[in-house]
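1. 3D, please:
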Amino acid sequence: MARSWGSTEQVSVTGLKELDAILKSLPEKIEKNVMRGAMRAGLAEIKDAAKSQLSSGGHVKTGALQKSVRIGFARKSEKFGWMRGKVLAGNKEAWYAHLIEFGTGSFYAGKGTKSKRKPYEIKPKGKKSLFFAGLMKELVVHPGIHPTPFMRTAFDSKSAASIKAFADYMRERIPKEIKKAGR
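-> Numbers count the residues shown, from 1 in each chain. Purely as a prediction, here's the structure:
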C-alpha cells in the first residue's frame with residue numbers, strides 16, 4: 001500500500017498581527033486559556049484521525065493503543081511565554097505504539113559481515129536451547145513488522161482541518177472574553 005509522507009496542501013494564515021494585539025489586550029490568564037483551548041481544538045482533529053487510522057489499519061485487538069492516543073501540553077513552555085501542545089500515543093499498557101508506527105526490521109543491520117542482509121536470528125548462548133511459544137527451539141527467526149503509520153498520516157491528512165479548528169475556536173471565544181472583560 002502506498003502512503004504519502006508529505007502533505008502537498010498549502011495553508012494560508014492572515015491576521016496574526018491583529019490576533020496578537022487582541023490577545024495582548026486581554027489579561028494574561030485569559031490569553032493563556034484561550035490559546036490552550038484553541039490548541040486543544042486543533043490537536044483534537046489530529047488525535048481523532050490517528051484513532052481512526054488505527055481502527056482502519058487492523059491493529060485493534062484490545063483497543064489499548066486507541067485509548068492511549070491523547071493530547072498533552074508542555075508546562076515548561078508556558079513559563080517562557082509560549083505554549084507547546086502535542087498528540088501522543090502509547091502508555092504502560094500500549095507500550096508498542098512506536099513499533100506499529102515505524103515497524104521493526106526483519107534484517108539485522110549490526111556490525112560484522114555475518115549478520116548483514118540475513119534474517120534476524122535469535123540464537124541461545126552456549127549449548128542451551130530457546131523456549132519459544134512453549135516449544136524448545138535452537139533458532140528463532142524474527143520476521144519483523146511492516147510499518148503502519150497512524151500518527152504521521154493523521155498529521156498529513158488533518159493539518160489544514162486542525163488550523164481551521166484552531167481559528168474557529170479563536171473566532172468564537174475571543175469576542176466572548178472581550179465582552180466579559182468589558183472592553
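2. CA only for contacts and neighbour counts going forward, please
-> Fine.
3. which residue ranges form the helices in the chain?
-> Using DSSP state H, the helices found in the chain span residues 16-25, 28-56, 64-68, 75-79, 97-102, 151-181.
4. among the ones you listed, where is the model least confident on average?
-> When the helices of the chain are ranked by mean pLDDT, helix 75-79 comes last with a mean of 68.
5. Make JSON lines from the helices of the chain and add mean neighbour count and distance to residue 145 to it.
-> Listed next are these as JSON lines, based on neighbours: other C-alpha atoms under 10 Å; distance: least, C-alpha to C-alpha, whole Å:
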{"stretch": "helix 16-25", "mean neighbour count": "12", "distance to residue 145": "44"}
{"stretch": "helix 28-56", "mean neighbour count": "19", "distance to residue 145": "15"}
{"stretch": "helix 64-68", "mean neighbour count": "18", "distance to residue 145": "16"}
{"stretch": "helix 75-79", "mean neighbour count": "11", "distance to residue 145": "35"}
{"stretch": "helix 97-102", "mean neighbour count": "18", "distance to residue 145": "8"}
{"stretch": "helix 151-181", "mean neighbour count": "17", "distance to residue 145": "17"}
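6. Let's have those helices in a markdown table, adding distance to residue 141.
-> Shown next, in a markdown table, are the helices of the chain (distance: least, C-alpha to C-alpha, whole Å):
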| stretch | distance to residue 141 |
| --- | --- |
| helix 16-25 | 56 |
| helix 28-56 | 27 |
| helix 64-68 | 26 |
| helix 75-79 | 44 |
| helix 97-102 | 18 |
| helix 151-181 | 29 |
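7. quick one: which of those is nearest residue 125?
-> Minimum separation from residue 125 across the helices of the chain (C-alpha to C-alpha) falls at helix 97-102, 26.4 Å.
8. Show me the contact partners of that closest one.
-> 65, 89, 90, 145, 146, 147, 148, 149, 150, 151 (C-alpha atoms under 8 Å, 6 or more residues apart in numbering).
9. mind listing what the second one touches?
-> Counting by C-alpha under 8 Å, 6+ apart, residue 89 makes contact with 65, 66, 68, 69, 70, 97.
10. sorry, back to before: can you select the buried ones among the contacts of helix 97-102 for me in ChimeraX?
-> In ChimeraX, this line selects whichever of the contacts of helix 97-102 come out buried by 16 or more other C-alpha atoms under 10 Å:
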select :65,89,90,148,149,150,151
